[in-house]
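Student: This is a predicted model, with the sequence first.
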Amino acid sequence: MLDKAKKEIEDAVAKAAKLTDHDVAQLLEVPRVEGQGDFALPCFKLAAKLKKDPKLIAKDIFAHLPKFKLIKKAEIVGPYLNFFVDTENLTKTVLEEAVKKDYGFSKAKKGKVIVEFLSPNTNKPLSLGHLRNAALGDSVSRILEANGFKVIRACLFNDRGVHINKSILAYQRWGKNRTPKSEGVKGDHFVGDYYVMFSKKAEEDPKLNDEVQEMLQKWEAGDRATLSIWGTLNGWVLDGFKQTLKDFGIEFDKEYFESAHYKKAKQLLMDYFKKGLFKRDDKGNIVAALDSHGLPDKVVLRADGTSVYMTQDITLAKMKYDEFKPEISIYVVGDEQNLHFQQLFAILKMLGIKAGQYHHLSYGMVNLPEGRMKSREGTVVDADDLIEELADTVKVEIETRHNHEFNEKKTEELAHKIGVGALKYYLLKFEPKTTMVFDPKRSVSLEGDTGPYVQYAFVRASKILEKETAKGKIKAEMLNLPEEIALIKQLARFPEVIAKAGKDYQPHLIAIYARELADLFNGFYEKAPVLKANKEVKNARLYLVDAVRHTLQKSLNLLGIDEVEVM
RNA sequence: GCCCCUGUAGCUCAGCCUGGAUAGAGCACUAACCUUCUAAGUUAGGGGUCGAGGGUUCGAAUCCCUUCGGGGGCGCCA
């Protein structure tokens, strides 16, 4: 399609200017302005190479252009040569392709990718920050699948350590055998409240911190009572997480629990140490020397044999490598850990745990308009609250906006899909590394550059096709309105957008694409009535609507957003 | 002190990797459009020294240097 047209131009230009393919590669660009064609060749670089006036070069090449198959015309504009694709040909190809299930998806069979994301601590409920992480991890997974990879979605639960023991201690002391059930609270919120309670009490009574350390030692020693209560609280939290993730539409293929490989990790690191891969510092800590990588040295195991974060990460990397032998291993983790991951990857290389490539998909913080979220100041946005709030807002919209008669269940279901769609879109439309500002008011907005806007375009397309569908041959010549041509060109871009989003791990490219497609469709919708058009035009437009509908759906799904049939 | 990210319209952000022809959206504001496939839509309007300075180039928001502002990191925290 477009790539073929591009190739055709490149070949022609190479021939006309008597150059090699290599010389011509990267010379073509896509003009932004209408009327400047679909591809353009600025002749300045050739001018430097050939030592000739770029305007003359443009003329010269133009004079030697062959007959094109996919290009309708070329024209000279000063030092530029603009090429226009044959839209009839394009239309036919695009409409045939875009209604297929796998349109835009790579047919190449690629290897395994393991995407680790979310990886929460099991001592408090999930927050808005976790949702950005989850939305990113899930969307990147979907995009990589579309690029032909086999993706394993992995999550590490940090379920042991000081943080969880704090909750336990507070619960033992002040919990009075209450349970999430007895209080009617989600388990993660229930436990999180005791965590907060601990922090408050410990400010008045610092001895509590010592008690937590004692408990930690008991836990490590395998004390049955401690393990039992730890298991109970962890279970509650995990149940809570499970519910949140279900609400948000996230699933994992592989779950890791730090508690399960914690002991093994220490042993593994000692083994590497004995092989001489690590050294001891003057305090007796086991350290990875990274100066050859231009990085600061890193403690991987404390002198007393207890583990640090890095101990776990090295071990988990090895476990993942041993089990899956992935081609690419991706970690979706906030950008405050950039250095940590540079160090981790350097260490893994040192140890020879180097399956394919490692990538830290680093993303920026989510700030509120007032600034950074701080748990101590209670300004953390809770994931469950947010999802619920959005669904409620949408529900009110549905009930007041239309005369549709949905029953209660249908309304709730719709409201949930639209609310979560709005949230995911909002979290994914920014480039990952952008430190984004989350404005709660704007996040519930359903107009403009939002998920519901895209979902709505899908609904409009669906409604047309519900009444009538396209039949028989595609008559491409029936589609020649500017709105139709623009729409077709946007559809033609879908494969390259997926490829780029996959190569760079950038879901926001899909979000932008989907928004633009919805935009163009709405323009078409205003200008070009489908069902009222005469027979042949109607049929061609029905094909176009169908292609748009499919592509909107795929775009949304790549973002982890459900399409809806009605709104 | 050192390292990384960042600065584009009143606000929130694309574009920067891979330099090209008049810098784009959305929100907000103003004015229109529903007996017409769902108005969660569309159209029109104003709004910019692309933080500043220098350099490279035929050409710089984009590449390089300097500088100022914002954020993050430099833990035997995660």
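Tutor: Cool, got the structure.
Student: Could you report the pLDDT at whatever residue of the stretch 101-250 of chain A ends up closest to RNA strand B?
Tutor: With distances taken as Cβ to the nearest atom of the strand, the stretch 101-250 of chain A approaches RNA strand B most closely at residue A:158, which sits 4.3 Å away. Backbone N, C-alpha and C define where each C-beta goes, glycine included. Per-residue confidence for residue A:158 comes out at a pLDDT of 95.
Student: Tell me, how many residues neighbour the residue nearest to it when sequence neighbours are not counted?
Tutor: Residue nearest to residue A:158 in three dimensions, not counting chain neighbours: residue A:121, with 4.6 Å by Cβ to Cβ, 6 or more residues apart in numbering. Neighbours of residue A:121 under the rule other Cβ atoms under 10 Å: 15.
Student: Can you measure across stretch A:330-345, start residue to end residue?
Tutor: The first and final residues of stretch A:330-345 sit 11 Å from each other (Cα to Cα, to the nearest Å).
Student: Return the set of buried residues in that stretch.
Tutor: Within stretch A:330-345, the residues that qualify as buried are A:330-333, A:335, A:340-345, counting by 16 or more other Cβ atoms under 10 Å.
Student: Of the residues you listed, which are in range of RNA strand B?
Tutor: The residues of the buried residues of stretch A:330-345 that also fall near RNA strand B, by Cβ under 7 Å from any atom of the strand, are A:335, A:340.
Student: Show me the buried residues of stretch A:330-345 that map onto helices.
Tutor: Using DSSP state H to define helices, the subset of those located there is A:340-345.
Student: okay, those in JSON lines with pLDDT next?
Tutor: As requested, those are exported to JSON lines (pLDDT from 0 to 100):
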{"residue": "A:340", "pLDDT": "97"}
{"residue": "A:341", "pLDDT": "97"}
{"residue": "A:342", "pLDDT": "96"}
{"residue": "A:343", "pLDDT": "96"}
{"residue": "A:344", "pLDDT": "96"}
{"residue": "A:345", "pLDDT": "96"}
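Student: Can you tell me which of those residues comes closest to RNA strand B?
Tutor: Taking Cβ to the nearest atom of the strand as the measure, residue A:340 is the one of these closest to RNA strand B, at 4.3 Å.
Student: which residues sit in contact with the closest one?
Tutor: When contacts are counted by Cβ atoms under 8 Å, 6 or more residues apart in numbering, residue A:340 touches A:309-310, A:313.
Student: Against residue A:300, how distant is it?
Tutor: 12 Å (Cβ to Cβ, to the nearest Å).
Student: likewise residue A:172?
Tutor: Distance, residue A:172 to residue A:300, by Cβ to Cβ: 33 Å.
Student: Okay, domains of chain A per the record?
Tutor: Using automatic domain parsing, the domain ranges for chain A come out as A:2-85, A:112-367, A:383-558.
Student: Give me the phi and psi angles of the residue in chain A positioned nearest to RNA strand B.
Tutor: For chain A and RNA strand B, the shortest gap (Cβ to the nearest atom of the strand) falls at residue A:448, measuring 2.1 Å. For residue A:448, the backbone dihedrals are phi 80, psi -140 (criterion: degrees, to the nearest 10).
Student: what number of residues lie near it?
Tutor: Counted with other Cβ under 10 Å, the neighbours of residue A:448 add up to 9.
Student: With the one 4 residues further on instead?
Tutor: By the criterion of other Cβ under 10 Å, residue A:452 has 23 neighbours.
Student: In three-state terms, label it for me.
Tutor: helix (DSSP: H, G, I helix; E, B strand; the rest coil).
Student: any idea how far residue A:390 is from the spatially closest residue to it that is not a sequence neighbour?
Tutor: Ranked by Cβ to Cβ, 6+ apart and with sequence neighbours excluded, the top spatial neighbour of residue A:452 is residue A:446, at 4.2 Å. Using Cβ to Cβ, residue A:446 is found at 10 Å from residue A:390.
Student: mean pLDDT lowest for which of the domains of chain A?
Tutor: Comparing mean pLDDT across the domains of chain A, the lowest value falls on domain A:2-85: a mean of 90.
Student: Can you give me the end-to-end span of that domain?
Tutor: Domain A:2-85 stretches 8 Å from its first residue to its last (Cα to Cα).
Student: related to what we said a few turns ago, give me the subset of the contacts of residue A:340 touching RNA strand B.
Tutor: Subset of the contacts of residue A:340 in contact with RNA strand B: A:309-310, counting by Cβ under 7 Å from any atom of the strand.
Student: so residue A:192 makes contact with residue A:125?
Tutor: Yes. With contact defined as Cβ atoms under 8 Å, residue A:192 reaches residue A:125; the gap is 5.0 Å.
Student: got the buried residues for stretch A:462-478?
Tutor: Of the residues in stretch A:462-478, those scored as buried under the neighbour-count criterion (16+ other Cβ under 10 Å) are A:462, A:464-465, A:470, A:474, A:476, A:478.
Student: one step back: which residues are in contact with both of residue A:340 and residue A:300?
Tutor: Each of residue A:310 lies in contact with both residue A:340 and residue A:300 under the rule Cβ under 8 Å, 6+ apart.
Student: Walking through the stretch 451-567 of chain A, point out its helices one by one.
Tutor: Listed in chain order, the helices of the stretch 451-567 of chain A (DSSP state H, counting those that start in this stretch) span A:451-467, A:482-504, A:507-527, A:535-558.
Student: Just list what the last one packs against, helices and strands only.
Tutor: In other words, helix A:535-558. Contact partners of helix A:535-558 among helices and strands, from 3 or more Cβ pairs under 8 Å, 6 or more residues apart in numbering; DSSP states H and E: helix A:87-98, helix A:128-146, helix A:451-467, helix A:482-504, helix A:507-527.
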